[in-house]
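fold the following and give me the result.
(one chain, ligands or ions: 1)
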Amino acid sequence: MPLRRDFLRLLGLTAALPALPAAAASGIAPGSQPVVVSTWNFGETANAAAWQVLESRGSALDAVEAGARVPEADPDNHSVGLGGYPDRDGHVTLDACVMDHLGNLGSVACLEEIVHAVSVARRVMEKTPHVLLVGEGALQFALAEGFERQDLLTPEAAAAWRQWQETAEYRPQPNIERSNRYRMPGELPGGETNHDTIGILALDGAGHLAGACTTSGMAFKMRGRVGDSPISGAGLFVDGEVGAATATGVGEECLRICGSHTVVELMRHGRSPEQACREAVERIARRHPASRDDLQMAFVALRSDGALGGYSLQPGFNFAIRTASGSRLVEAPSLR
Ligand code: SD4
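The predicted model follows:
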């Protein structure tokens, strides 16, 4: 595994991924090279669900939705869906987005009491003339679509919130993997197991790209705060002719540079996926020369030919890749 990882890093992950075995074995049309890539180590289980869809000749859109639903349903994941840490007033609010190779797009922001925000986002895309529904309206729409209402605040997340209230320092911190500064007993914002948003990108057997991004956002954020994840061009962007990108980290910074759109445009102009991610990260870092430890932003990109890469501001960001040759977790190169 380390050898494979070193090899990929050496290549800068710019080479296309290994070819599929025979179509008969994979169930995918010859000549195509399906791939799924997603943020963080929990991406591996998400990728497995997405891969099942691709293997049975499903679309990239179905694949990314299936993948994103895995951490959404996991109460032990405190940064996505059920069990996500609440805002500072104790409400779990979800942001999610899906986009396909044709630029079809659906999003929800500040959605409460529905586990599968990504699926509501897809319904927004497919069943409304709009691309983004927020808050109460998003909930109304979800209920009308038959989604079940559920309390998303688990006892564990509620305990973490109460503990946070004792310190009462309002400073949400996403994914500072190597820092113990914001550690709390139990499951920790910024702790090792508190990896944030899932962004998941897929290329299917028909050569189509799609992406999804879903999160409970920054732990203990202000009520009503929306991050980059549901915003097209920020937390996610897909252009079927060029590639797709997704983001994890401080949403405000990603929004300021239209991060995922920037990455895709850089690929359009010839940068490799990793280089495109790197330049977007550098653009953010240049605005914050002093932010050695307390600012994180990372991108993952998948080009329409299957080449992929990622880059992070802080060390410790990894992304999961699934191809016909198997699953692997890669530590992204970082600026710091
Ligand atoms: C947000 N970008 O809401 C998300 C949080 C995240 O890694 O990705 N953290 O700002």
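
so the one residue in the stretch 1-150 of the chain that gets nearest to the ligand, which of the three states?
Distances between the stretch 1-150 of the chain and the ligand by CB to the nearest ligand atom are smallest at residue 95, namely 6.1 Å. Where C-beta positions appear, they are placed from N, C-alpha and C, glycine not excepted. Secondary structure, DSSP: H, G, I helix; E, B strand; the rest coil: residue 95 is strand.

what of residue 75?
Recorded secondary structure, residue 75: coil (three-state DSSP).

so what's it closest to, chain neighbours aside?
The spatial neighbour of residue 75 that comes closest, neighbours along the chain excluded (CB to CB, 6 or more residues apart in numbering), is residue 83 at 3.7 Å.

assumed the one you found was part of a strand.
No. Under three-state DSSP, residue 83 falls outside any strand and is assigned coil.

give the burial count for it, as a bare number.
Using other CB atoms under 10 Å, residue 83 is surrounded by 24 other residues.

for the helix or strand harbouring residue 214, packing partners?
If you go by DSSP states H and E, residue 214 is part of strand 209-215. On a contact count with 3 or more CB pairs under 8 Å, 6 or more residues apart in numbering; DSSP states H and E, strand 209-215 meets helix 60-73, strand 94-100, helix 117-127, strand 198-203, strand 236-239, strand 243-249.

select, out of these, the one closest to residue 37.
Of all the helices and strands packed on strand 209-215, strand 198-203 sits nearest to residue 37, with 5.3 Å by CB to CB.

pull up the pairing partners for the closest one, direction included.
Its sheet considered, strand 198-203 pairs with strand 35-39 (antiparallel), strand 209-215 (antiparallel) by DSSP bridges.

now those strands as TSV including mean pLDDT and distance to the ligand?
Formatted as TSV, those follow (pLDDT from 0 to 100; distance: least, CB to the nearest ligand atom, whole Å):
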stretch	mean pLDDT	distance to the ligand
strand 35-39	96	8
strand 209-215	98	5
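
most packed of those?
Among these, ranked by average contacts under mean count of other CB atoms under 10 Å, first place goes to strand 209-215 (a mean of 33).

now the angle from it to strand 243-249?
Counting by axes from the mean of the first three to the mean of the last three CA atoms, to 10 degrees, strand 209-215 lies at 10 degrees to strand 243-249.

angle of strand 209-215 against strand 94-100?
Note on geometry: by the same axes, to 10 degrees, strand 209-215 and strand 94-100 are set 180 degrees apart in direction.

quick one on the thing from earlier: turn the helices and strands packed on strand 209-215 into JSON lines, including mean neighbour count and mean pLDDT.
Shown next, in JSON lines, are these (neighbours: other CB atoms under 10 Å; pLDDT from 0 to 100):
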{"stretch": "helix 60-73", "mean neighbour count": "27", "mean pLDDT": "97"}
{"stretch": "strand 94-100", "mean neighbour count": "30", "mean pLDDT": "98"}
{"stretch": "helix 117-127", "mean neighbour count": "24", "mean pLDDT": "98"}
{"stretch": "strand 198-203", "mean neighbour count": "33", "mean pLDDT": "97"}
{"stretch": "strand 236-239", "mean neighbour count": "28", "mean pLDDT": "98"}
{"stretch": "strand 243-249", "mean neighbour count": "32", "mean pLDDT": "96"}
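
hang on, the earlier thing: isn't the residue of the stretch 1-150 of the chain closest to the ligand right next to residue 117, touching?
Yes. Proximity of residue 95 to residue 117 meets the contact threshold set by CB atoms under 8 Å, at 7.1 Å.

overlap of the contact sets of the two?
By CB atoms under 8 Å, 6 or more residues apart in numbering, residue 95 and residue 117 have these common neighbours: 108, 111, 214.

name the SS class of the first one, please.
In the three-state summary, residue 108 is assigned as strand, counting by three-state DSSP.

for the residue sitting nearest the centre point of the chain, list the residues it contacts.
Centroid-nearest residue in the chain: residue 199, 1.6 Å away (criterion: CA atoms, centre = their mean). Contact analysis of residue 199 by CB under 8 Å, 6+ apart lists 38-39, 211-213, 229, 235-236, 246-248, 300.

and the gap between the nearest residue to it once chain neighbours are set aside and residue 308?
Spatial nearest neighbour of residue 199, excluding adjacent residues (CB to CB, 6+ apart): residue 246 at 2.7 Å. With the distance defined as CB to CB, to the nearest Å, residue 246 ends up 11 Å from residue 308.

quickly list what's touching both of those two.
Shared contacts of residue 246 and residue 308 (CB under 8 Å, 6+ apart): 201, 300.

nothing else from me, thank you.
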